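Participant: Output the structure for:
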Amino acid sequence: MLHAGPAPRSAPALALSLAVSLGLLVGATTPALAADETDRAPIILYQVRDGETLTGIAGHLLRDGLTWRHLKAINQLDDADRLSPGQELRVPRTWLREETLEARLGQASGEVQVDGAPAVPEARLRAGSTISTGSNGVALVTLPDGAIVRVAPESRVRVERLRRARSTKGIEVRFDVEQGEVQVEAPEQPADEGRRIELRTPKAVAAVRGTRFRVREMPGVATNAVLRGEVAWIGRELERSVQAGFGSSADPSGRTTEPEPLLPAPVITVPETPLRTSSADIRFEPVSGAARYRVLVSRDRA
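Facilitator: Take a look at the predicted model:
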């Protein structure tokens with residue numbers, strides 16, 4: 001059983017001491033590890049079960065090249081053969097073996113393509129898959145943990161990463177937004193589940209764990225608008241925290257702007273909801289400061 005703990009923060013002297021200790025404990029037969037794998041990586045706590053051995057735990061959890069000696073060293077175990085049920089072992093998240101996952105194309109309306117071919121219902125998406133939408137196309141992608149990714153019209157998005165570290169619940173997802181707009185609705189999760197979703201544009205990256213937000217990539221600017229929760233908006237030199245109700249942009253050099261309040265959505269009046277006629281008047285009062293409006297009409301959730 002695994003749950004997350006805070007990443008260790010070490011002073012230089014302590015980091016040097018840890019490195020020396022690792023060298024003594026692991027021995028010449030164990031491959032050396034980069035300092036950031038232990039000093040910067042989030043730490044996962046693994047709870048030992050009855051009958052488990054350090055060798056067995058390492059074989060199940062750790063990526064290739066890592067052995068029980070690494071676990072013995074980082075946990076400063078005197079006797080690797082004596083583990084107690086319920087005992088907690090510290091494991092850097094970067095040490096864990098990765099499992100590849102699949103997402104599902106839940107709904108698609110209008111012109112939608114997956115990897116250059118017309119989209120089919122319930123299509124499976126993996127790392128490397130590309131979603132393209134035409135002027136009237138919208139796609140809803142369901143991630144393995146239930147989060148929804150909405151690809152807007154005239155967009156092109158590549159699934160760059162879709163994985164989970166072994167024996168953890170949190171997924172790691174990255175979409176490269178090459179063109180257009182993507183919106184994410186990710187329900188809140190317990191902090192120890194460790195979900196991370198990134199929308200990466202050529203200009204900046206939006207990274208979240210649980211929230212509702214959208215990112216748009218255009219030729220001269222990338223924008224980020226947060227509707228719920230909080231988003232880390234990461235440019236070339238600076239990371240900004242964007243709270244719900246605010247937005248920020250990034251220019252082609254990766255410079256991000258100070259978050260600014262989003263304009264309120266107009267209050268729309270329609271004769272009935274859902275609409276049951278072929279045409280209807282949709283009315284709303286102008287919003288002060290708005291340059292233009294966008295209205296999406298769909299037969300379903302997409």
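Participant: And the strands in the stretch 1-150 of the chain, which stretches?
Facilitator: For the stretch 1-150 of the chain, the strands defined by DSSP state E, counting those that start in this stretch occupy 2-5, 43-47, 88-92, 98-100, 103-109, 112-114, 117-118, 124-125, 130-133, 138-142, 148-151.
Participant: could these be laid out in CSV, adding mean neighbour count, distance to residue 222 and mean pLDDT?
Facilitator: (C-beta placed from N, C-alpha, C; glycine too.) Listed next are the strands of the stretch 1-150 of the chain as CSV, based on neighbours: other CB atoms under 10 Å; distance: least, CB to CB, whole Å; pLDDT from 0 to 100:
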stretch, mean neighbour count, distance to residue 222, mean pLDDT
strand 2-5, 17, 30, 49
strand 43-47, 18, 33, 88
strand 88-92, 20, 32, 93
strand 98-100, 12, 28, 91
strand 103-109, 20, 23, 92
strand 112-114, 21, 23, 96
strand 117-118, 9, 28, 96
strand 124-125, 16, 23, 96
strand 130-133, 22, 18, 97
strand 138-142, 23, 20, 95
strand 148-151, 22, 16, 95
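Participant: Distance of the residue lying closest to residue 194 once chain neighbours are set aside relative to residue 161?
Facilitator: Leaving aside its chain neighbours, residue 194 sits nearest to residue 170 (3.1 Å; criterion: CB to CB, 6 or more residues apart in numbering). Distance of residue 170 to residue 161, given as CB to CB, to the nearest Å: 13 Å.
Participant: sorry, back to before: JSON lines please, covering the strands of the stretch 1-150 of the chain and showing distance to residue 262.
Facilitator: Output for the strands of the stretch 1-150 of the chain, formatted as JSON lines (distance: least, CB to CB, whole Å):
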{"stretch": "strand 2-5", "distance to residue 262": "32"}
{"stretch": "strand 43-47", "distance to residue 262": "36"}
{"stretch": "strand 88-92", "distance to residue 262": "38"}
{"stretch": "strand 98-100", "distance to residue 262": "36"}
{"stretch": "strand 103-109", "distance to residue 262": "26"}
{"stretch": "strand 112-114", "distance to residue 262": "28"}
{"stretch": "strand 117-118", "distance to residue 262": "35"}
{"stretch": "strand 124-125", "distance to residue 262": "30"}
{"stretch": "strand 130-133", "distance to residue 262": "24"}
{"stretch": "strand 138-142", "distance to residue 262": "22"}
{"stretch": "strand 148-151", "distance to residue 262": "17"}
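Participant: Which one, of those, ends up nearest to residue 55?
Facilitator: With respect to residue 55, and counting by CB to CB, the nearest of the strands of the stretch 1-150 of the chain is strand 88-92 at 12.8 Å.
Participant: What helices and strands are in contact with that closest one?
Facilitator: Packed against strand 88-92, as judged by 3 or more CB pairs under 8 Å, 6 or more residues apart in numbering; DSSP states H and E, are the following elements: strand 43-47, helix 68-74.
Participant: gap between residue 276 and residue 259?
Facilitator: Relative to residue 259, residue 276 is positioned 41 Å away (CB to CB).
Participant: what about these two, which has more around it?
Facilitator: Using other CB atoms under 10 Å as the criterion, residue 276 and residue 259 rank with residue 259 on top: 20 against 8.
Participant: Need the nearest residue in space to the more buried one, chain neighbours excluded.
Facilitator: residue 246 (4.0 Å).
Participant: Report how many residues lie close to the one you found.
Facilitator: Residues contacting residue 246 under the criterion other CB under 10 Å number 20.
Participant: show me the residues around it that make contact.
Facilitator: Each residue near residue 246 by CB atoms under 8 Å, 6 or more residues apart in numbering is listed here: 225, 226, 259, 260, 261, 262.
Participant: ok, 6 Å please
Facilitator: 226, 259, 261 (CB atoms under 6 Å, 6 or more residues apart in numbering).
Participant: Kindly indicate which of the residues you listed lies nearest residue 111.
Facilitator: Using CB to CB, the contacts of residue 246 come closest to residue 111 at residue 226, 28.9 Å.
Participant: Which pLDDT value belongs to that closest one?
Facilitator: As predicted, residue 226 sits at a pLDDT of 95.
Participant: and the spatially most central residue of the chain, which of the three is it?
Facilitator: Nearest to the mean C-alpha position of the chain, by CA atoms, centre = their mean, lies residue 197 at 1.2 Å. Recorded secondary structure, residue 197: strand (DSSP: H, G, I helix; E, B strand; the rest coil).
Participant: Quick check, it in contact with residue 173.
Facilitator: Yes. Look at residue 197 against residue 173 with CB atoms under 6 Å: they come within range, at 4.7 Å.
Participant: Ok, which of the helices and strands packed on strand 88-92 comes nearest residue 240?
Facilitator: strand 43-47 (26.5 Å).
Participant: Export only the CA atoms of that closest one, formatted as PDB.
Facilitator: In PDB, the C-alpha atoms belonging to strand 43-47 read as follows (Å, rounded to 0.1, in the frame of the first residue of the first chain):
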ATOM      1  CA  ILE A  43       8.600  10.500  -1.600                       C
ATOM      2  CA  ILE A  44       6.100   7.600  -1.600                       C
ATOM      3  CA  LEU A  45       5.600   5.600   1.600                       C
ATOM      4  CA  TYR A  46       5.200   1.900   1.000                       C
ATOM      5  CA  GLN A  47       3.600  -0.200   3.800                       C
END
